[in-house]
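Asker: here is my input, please return the structure:
(one chain, ligands or ions: 1)
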Amino acid sequence: MSGEISRRTFLRGTMAGAVVIAGFDASLRSWVSAAEIDRATALAEDFPSFDGMLLLDDASRAAAADDFGHLVHRQPLAVLKPGSVSDVVKLVQFARRNNIEVAARGQAHSTQGQSQVEAGVVVDMSTLATVHEINPTNALVDGGTRWLDLVTQTIPQGLTPPTLVDFLELTVGGTLSLGGIGSQAFRFGPNVDNVLELQVVTGEGELVTCSATNNVALFDAARSGLGQFGLIVRARVRLIPAPPNARLYHAFYSSLPAFLSDTETLIDDGRFDTVQGFAVPDGAGGWLFQLETAKYFSPGNEPNDASLLSGLAFNPGTQTAQDMTYFDYLNRLAPLIAFLRQIGVWDLPHPWVNLFVPAANAQTLIGETLATLTVDDVGQGPILIYPFNRELFRAPFFRVPDSRHFFVFSLLRNAVPPTPERVAQLIAANRALFERATMLGGKRYPFDSVPMTKHDWQKHYQPLWGKFVSAKRHFDPDEILTPGQGIF
Ligand SMILES: Cc1cc2nc3c(=O)[nH]c(=O)nc-3n(C[C@H](O)[C@H](O)[C@H](O)COP(=O)(O)OP(=O)(O)OC[C@H]3O[C@@H](n4cnc5c(N)ncnc54)[C@H](O)[C@@H]3O)c2cc1C
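Answerer: Numbers count the residues shown, from 1 in each chain. Take a look at the predicted model:
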C-alpha cells in the first residue's frame, strides 16, 4: 500500500494544527489523513489532487459547524479551502460520484445552519477572494470576495456597485445566493439585479458561465438560488461612478403610519440617494421610528437640507445631518460592529427574523407586532423597517411580495439570556410572526431563523415552485448541494 500512499498523498501546504486529507475510504465512507492512510480499506482511486487544502481536523470542522446564529451546529466530515476554481469543480465531481453533500460557506452570516452540512464537505469560499478586474462598468470578482474588499479597490478609482448590503463583510457569492438588499436598493434593485455574469460550478460539477443572454436558466436559478443549483465561484458585478461624499440625515417619528407613508413618498420621489428606517425604543416602553437617508454630493455642491426635508412629518426638531466620505457612508456599521464584537454581543445566539411585507399590510403587521414587542424580545438588537420598489426586483427566485411597494421588517435579535429555552421561545415567536406575515402576503428572506416545512417552501416559491424543482433536477440532479436550507 505504501506505493499507493505516495500516489494518493496530496499535501499541498500546511496550516497550524490542520490535518490535510490524503484520501477517501470508499467502503467506510470516511476521509483519511496521511497518517491514517495505511489503515484504510478501500481508498477511492479517483480522489482528486487539490491546489488548496481539504481539512479533517476538529478545529476546522467545528468552525464550519457554526454560523452567525450560533443556533445550529452540523458537523461536516471535511472542509475544503479551495486554492482554485478547479478545486471546487474537482470536489463537486468527486462528491457527486461518492454521494457526499456539499455546501459553500461565505462568511457564514446566515443564522440557521444554511451554510452547514452534516457529514458532508463545506467549501470555505474565503480562500477564493480575488478581485480579478475593475473596469469603468464592472468588476470581475471571486465568489468569496467580501464587498468591503471590492469597494476598497473600486472607490479610489471613482467607481462603486450601485447597490450594496449594509454590512460589507458579506461575500459576493453568499449575497448573490440570497438577494442582497440595502439602502440604495429602492433605486437600483437588489444585488442579484446588478450582476452581469456568473461563473457557477453546478451540482454536476460543471463550470458554466451564465448571464441574461447566455445559459439564462442557470443565471436565473443561481441568483437568489440559496446555493441549491451551484456554487458561485466568480461574478461580474455592475459598477457606476462613485460619489465623493454623503450627507447622512436622521429624523424621528412618533407615528408609524406617518413614518411608513413618508418612506414610501421618498422612494417614489427619489430626492435622497438612500432610504432606510428603524424602530427604536422611546424610553417609555414604546417605539419611535427613525428615518435614515443620505444625499450624495461633491464639495461645493452641498445638499439643501430645507428642501430635502420639506413636507416630511417627522417630529419637529429631531432632524440631524452629518457629512462623511462615500466610503464611510457605505462602511457606516463598522464602528458599531467593532464595539459589538468587543463586548461579546457578536457571540450571542442570533435568532433573527427577516420578512418582506406588502406596503398595504405593513402597518398591520408592524403595528401589531410592536404593540407587544419589548426591548428584551430583541435583546436590544436593531429593528429594520424600510420600503422597496417591487418592479426593480426581477430575479425570479428572489421571492418578495407582489405589490408596488413592499417593506422589509426585521427583528435582529440577540438571545438574552443565551439559554436554549430563550432561543426556543424566540424561534417560536419568529415562526408565529412568519405565519402572520405569510397571511398578509409577506415573504421570508431565508438567511434568518424560521423553521420551515416542505409545504412552506412550496408556498414560498409559488407560482415558481415547479420551476425551482425542475432547476434542481437539471443542475443538481443528485441533490448534493446546500442541504442546510432544508428545501429538498
Ligand atoms: C450582521 C449581518 C448583516 C447582514 N446585512 C445584510 C444586508 O445588509 N443585506 C442583505 O441582503 N443581507 C444581509 N445579511 C444577510 C446575508 O445576506 C446573508 O447572511 C447571506 O448569507 C450572505 O452572507 P455570507 O456571504 O456570509 O453567506 P453565508 O451565510 O455563508 O451563505 C449563505 C447561503 O448561501 C450559500 N453560499 C454562500 N456562498 C455561496 C457561493 N459562493 N455560491 C453558492 N452558494 C453560496 C451558503 O451555503 C448558504 O446557504 C446580514 C447578515 C448578518 C449576520
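Asker: going forward, measure contacts and count neighbours with C-alpha atoms only.
Answerer: Fine.
Asker: is it correct that G203 is in contact with R473?
Answerer: No: using Cα atoms under 8 Å, G203 makes no contact with R473, being 9.6 Å away.
Asker: out of these two, which sits in the busier spot?
Answerer: More crowded of G203 and R473, by other Cα atoms under 10 Å: G203, with 30 against 14.
Asker: how about the contacts made by the residue nearest to the more buried one when sequence neighbours are not counted?
Answerer: Of all residues not flanking G203 in the chain, D476 sits nearest, at 4.0 Å (Cα to Cα, 6 or more residues apart in numbering). Residues in contact with D476 (Cα atoms under 8 Å, 6 or more residues apart in numbering) are 202-204, 228-230.
Asker: just give me the residue right at the centre of this protein.
Answerer: Residue closest to the mean C-alpha point of the chain, counted by Cα atoms, centre = their mean, is T175 at 4.0 Å.
Asker: ok, now how distant is that one from the ligand?
Answerer: Distance, T175 to the ligand, by Cα to the nearest ligand atom, to the nearest Å: 4 Å.
Asker: that residue and I240, how far apart?
Answerer: 19 Å (Cα to Cα, to the nearest Å).
Asker: and G13, what's its pLDDT?
Answerer: On pLDDT, G13 comes in at 37.
Asker: how about D273?
Answerer: 98.
Asker: just the helices in the stretch 101-250 of the chain please.
Answerer: Under the criterion DSSP state H, counting those that start in this stretch, the stretch 101-250 of the chain contains helices at 147-154, 172-178, 185-188, 216-222.
Asker: tell me which of those helices sits most buried.
Answerer: With neighbours defined as mean count of other Cα atoms under 10 Å, those peak in mean count at helix 172-178, which reaches a mean of 28.
Asker: for that one, C-alpha coordinates in CSV please.
Answerer: Provided in CSV are the C-alpha atoms of helix 172-178 (Å, rounded to 0.1, in the frame of the first residue of the first chain):
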residue,chain,number,x,y,z
VAL,A,172,-20.4,38.4,-3.1
GLY,A,173,-21.3,34.7,-3.7
GLY,A,174,-23.3,34.4,-0.4
THR,A,175,-25.2,37.7,-1.1
LEU,A,176,-26.0,36.7,-4.7
SER,A,177,-27.3,33.4,-3.4
LEU,A,178,-29.7,35.3,-1.2
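Asker: find the nearest non-adjacent residue to A95, please.
Answerer: Leaving aside its sequence neighbours, A95 sits nearest to E101 (Cα to Cα, 6+ apart; 6.7 Å).
Asker: the one you found and V121: what is the separation?
Answerer: On the measure of Cα to Cα, E101 and V121 end up 6 Å apart.
Asker: ok, those two, which is more surrounded?
Answerer: V121 (29 against 24).
Asker: residues from the chain in reach of the ligand?
Answerer: Residues of the chain lying near the ligand by Cα under 6 Å from any ligand atom: 68, 103-110, 114-115, 143-144, 165-167, 170-171, 173-175, 177-182, 226-227, 230-233, 447, 482.
Asker: what about these, which are in strands?
Answerer: Judged by DSSP state E, the subset of the residues of the chain next to the ligand located in strands is 103-105, 230-233.
Asker: which among those count as buried?
Answerer: The neighbour count (16 or more other Cα atoms under 10 Å) marks 103-105, 230-233 as buried among those.
Asker: in a markdown table, list those along with distance to V345 and pLDDT.
Answerer: A markdown table is the format used below for those (distance: Cα to Cα, whole Å; pLDDT from 0 to 100):
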| residue | distance to V345 | pLDDT |
| --- | --- | --- |
| A103 | 27 | 98 |
| A104 | 26 | 98 |
| R105 | 22 | 98 |
| G230 | 33 | 98 |
| L231 | 31 | 98 |
| I232 | 31 | 99 |
| V233 | 32 | 98 |
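Asker: so who does M452 touch?
Answerer: Taking Cα under 8 Å, 6+ apart as the criterion, M452 is in contact with G486.
Asker: how near is P190 to S183?
Answerer: With Cα to Cα as the criterion, P190 and S183 are 10 Å apart.
Asker: between the contacts of D476, which is closest to the ligand?
Answerer: When those are compared for distance to the ligand (Cα to the nearest ligand atom), G230 wins out at 5.8 Å.
Asker: the closest one contacts V201, correct?
Answerer: Yes: shown here, G230 and V201 form a contact pair, counting by Cα under 8 Å, at 5.2 Å.
Asker: part of a strand, is F388?
Answerer: Yes: according to DSSP: H, G, I helix; E, B strand; the rest coil, F388 belongs to a strand.
Asker: spatially nearest residue to it, not counting backbone neighbours?
Answerer: F186 (4.5 Å).
Asker: then R341?
Answerer: Of all residues not flanking R341 in the chain, D347 sits nearest, at 7.4 Å (Cα to Cα, 6+ apart).
Asker: which pLDDT value goes with that neighbour?
Answerer: In the predicted model, D347 carries a pLDDT score of 97.
Asker: quick one, phi psi at it?
Answerer: Main-chain torsions, D347, degrees, to the nearest 10: phi -90, psi -10.
Asker: so who does it touch?
Answerer: Applying Cα under 8 Å, 6+ apart, we find D347 in contact with 68, 70, 341.
Asker: so L291 sits right up against S254, yeah?
Answerer: No: judged on Cα under 8 Å, L291 makes no contact with S254 at a distance of 11.2 Å.
Asker: ok, these two, which is more surrounded?
Answerer: Taking other Cα under 10 Å, L291 and S254 do not tie; L291 has more neighbours (23 against 17).
Asker: what about the more buried one, which helix or strand?
Answerer: For L291, the host element (DSSP states H and E) is strand 287-297.
Asker: neighbouring strands for that strand, and are they parallel or not?
Answerer: Sheet pairing of strand 287-297 (DSSP bridges) gives strand 245-253 (antiparallel), strand 274-281 (antiparallel).
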